[in-house]
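Novice: Coordinates only, no sequence provided:
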């Protein structure tokens, strides 16, 4: 391994001359035939070269832009010098899911957006390098979660999605006994049920879950915490603290005529039935899902892009995204939109669906829309779409996916005494500690923030785990 003391000083001018190369992806014609990952992993040589483009900025704006605060320049320096395991260790200091976040984070909005090299539109490929180092570690010298000295305290983690899994890992490292309760039959949450395998190989999620099990975490699937098994019951059963990482899994539904026609799907069912092993799905979703040749996806977030790309892989010949604002206002990542467009998806902006029409067989056959124009900004700062009277037009579609986002399930709030939730069913917490209105009950991730990035859920869960540890160690002080 190279000796850092004998390394030459950073020559930023020389680094600036190393040319940019776009991240490698599989050819469109090839990737549309299957659900394997689109991005091609970097080779060691390419990773070292790419890491050498990092300017090692003293102010490290990429670190400030990373929600978990990864030491990105430090990891890049290790990769550049061939110390791939050392780089993986750096990522693990701050991130529970570097193998995952290196793939699915919208890097173009976070670390890569902050990269100084963006002045020439040539950022260092921070995400691809993170995935490379983490993959190398998994293949060559797998990291094992080593439990801390036993605290003799038990913590119940509700939800086995990104927040729950990240919190569980941090609690185990601190010596606490952890039981994870998951309502689905397979742990992973949206990482399994909401992220298609062409973005994230589910084997990576399974490996993470296995790490937790080997470290002593008990994971109970098929257990719904709420009305039948309330949170208060967990506390009565001897758990000293509870973390709520239940996510936001209730699809937003349109209230327009024809919404109940056959062929119209919520995004969770559409993605689940097309991407997930049937044995891991609810029984009602295990049958084959018939997709027509013309698919319309309504919405502008990452879920909409995932649905567009899934439909193309399932053989649809015309796939259209209907969005009521312009691309400027779209909440989803540009990278996913580019890949969807490259694969054949069409985007129709300023289009507001107002009705679904049936065909002779009773199945949806068309979406009636109104053209919109943008008015003044709304409460979130995005310009409000205003439908134009008489601008009706029709989009032919025999399959429609309403990918309008997700909301939190208010059941936990309704069934837990003294737990404060907002009008949208989201849990109210201290943003720094994750503490709820009930002592000993903490929360983080989409159940608190609403639908958000995986990396933000990881960051919140790690903060909450530190607070839970402090709470447990000071409970009898």
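Specialist: Yep, that arrived. None of the values given here were measured: they were computed from a predicted structure.

Novice: residue boundaries of the helices in the stretch 151-300 of the chain?
Specialist: Along the stretch 151-300 of the chain, the stretches classed as helices by DSSP state H, counting those that start in this stretch are 162-173, 190-193, 202-214, 231-236, 267-275.

Novice: So which elements touch the shortest one?
Specialist: It stands for helix 190-193. helix 202-214, helix 267-275 (3 or more Cβ pairs under 8 Å, 6 or more residues apart in numbering; DSSP states H and E). Placement of C-beta: from N, CA and C, glycine included.

Novice: switch to 7 Å and redo it
Specialist: Packing partners of helix 190-193 (3 or more Cβ pairs under 7 Å, 6 or more residues apart in numbering; DSSP states H and E): helix 202-214.

Novice: From the rest of the structure, what touches whichever helix or strand residue 102 is part of?
Specialist: For residue 102, the host element (DSSP states H and E) is helix 98-104. Helix 98-104 is contacted from outside by 39, 91-92, 95, 127, 130-131, 134-135, 138, 191, 195, 199-200, 204, 454-455, using Cβ atoms under 7 Å, 6 or more residues apart in numbering.

Novice: make it 8 Å
Specialist: Helix 98-104 has contacts (Cβ atoms under 8 Å, 6 or more residues apart in numbering) with 37, 39, 68, 70, 88, 91-92, 95, 127-135, 138, 162, 191, 195, 199-200, 204-205, 207-208, 454-455, 458.

Novice: what's downstream of it, the next helix or strand?
Specialist: Using DSSP H and E, the helix or strand that follows helix 98-104 in sequence is helix 111-114.

Novice: Select from the contacts of helix 98-104 every entry located in helices.
Specialist: The helices, defined by DSSP state H, take in 88, 91-92, 127-135, 138, 162, 191, 204-205, 207-208, 454-455, 458 from the contacts of helix 98-104.

Novice: which strands and helices sit next to the lengthiest strand in the chain?
Specialist: Taking DSSP state E as the criterion, the chain has its longest strand at strand 364-377. Here strand 364-377 touches strand 351-358, strand 383-387, strand 393-396, strand 399-402, going by 3+ Cβ pairs under 8 Å, 6+ apart.

Novice: Just checking: what are the partner strands of the first one?
Specialist: If I follow you right, that is strand 351-358. strand 364-377 (antiparallel) (DSSP bridges).

Novice: List the buried residues of the partner strand.
Specialist: Neighbour-count burial for strand 364-377, counted by 16 or more other Cβ atoms under 10 Å, picks out 364-372, 374.

Novice: That one - what's its average pLDDT?
Specialist: Mean pLDDT, strand 364-377: 96.

Novice: what does stretch 143-157 give?
Specialist: Stretch 143-157 comes out at a mean pLDDT of 97.

Novice: try stretch 276-283
Specialist: Mean pLDDT, stretch 276-283: 94.

Novice: can you give me the end-to-end distance of that stretch?
Specialist: Taking Cα to Cα, to the nearest Å as the measure, stretch 276-283 stretches 13 Å from start to finish.

Novice: what packs against the helix or strand bottoming out on mean pLDDT in the chain?
Specialist: Within the chain, no helix or strand scores below helix 411-415, which has a mean of 91 by mean pLDDT, DSSP states H and E. Contact here means 3+ Cβ pairs under 8 Å, 6+ apart; on that basis helix 411-415 packs against no helix or strand.

Novice: how far does that helix sit from the chain's center?
Specialist: Distance, stretch centre to chain centre, for helix 411-415: 24 Å (Cα atoms, centre = their mean, to the nearest Å).

Novice: for it, which positions count as buried?
Specialist: Neighbour-count burial for helix 411-415 [16+ other Cβ under 10 Å]: 411-413, 415.

Novice: Quick check: next helix or strand after that helix?
Specialist: strand 441-443.

Novice: Quickly list the domain ranges of this protein.
Specialist: Taking automatic domain parsing as the domain assignment, the ranges for the chain are 4-140, 154-249+407-474, 253-404.

Novice: still on that earlier bit, quick one: mean pLDDT for the helix holding residue 102?
Specialist: Mean predicted confidence for helix 98-104 is 98.

Novice: Please apply the same query to stretch 122-130.
Specialist: So the average pLDDT for stretch 122-130 ends up being 97.

Novice: residue contacts, residue 405?
Specialist: 251-252, 299, 301, 303, 451.

Novice: err, residue 278, not the other one
Specialist: By Cβ under 8 Å, 6+ apart, residue 278 lies in contact with 285-286.

Novice: and if you look at residue 69?
Specialist: With contact set as Cβ under 8 Å, 6+ apart, residue 69 has these partners: 63, 94.

Novice: Repeat that for residue 40.
Specialist: Counting by Cβ under 8 Å, 6+ apart, the residues that residue 40 touches are 23-26.

Novice: Over to residue 406?
Specialist: Applying Cβ under 8 Å, 6+ apart, the residues near residue 406 are 248-252, 268, 303, 446, 451.

Novice: Make JSON lines out of these and add distance to residue 219, pLDDT and neighbour count.
Specialist: Below are the contacts of residue 406 laid out as JSON lines (distance: Cβ to Cβ, whole Å; pLDDT from 0 to 100; neighbours: other Cβ atoms under 10 Å):
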{"residue": "248", "distance to residue 219": "21", "pLDDT": "95", "neighbour count": "24"}
{"residue": "249", "distance to residue 219": "18", "pLDDT": "91", "neighbour count": "21"}
{"residue": "250", "distance to residue 219": "23", "pLDDT": "93", "neighbour count": "16"}
{"residue": "251", "distance to residue 219": "25", "pLDDT": "94", "neighbour count": "19"}
{"residue": "252", "distance to residue 219": "29", "pLDDT": "93", "neighbour count": "15"}
{"residue": "268", "distance to residue 219": "21", "pLDDT": "96", "neighbour count": "19"}
{"residue": "303", "distance to residue 219": "26", "pLDDT": "96", "neighbour count": "27"}
{"residue": "446", "distance to residue 219": "19", "pLDDT": "97", "neighbour count": "28"}
{"residue": "451", "distance to residue 219": "24", "pLDDT": "94", "neighbour count": "19"}
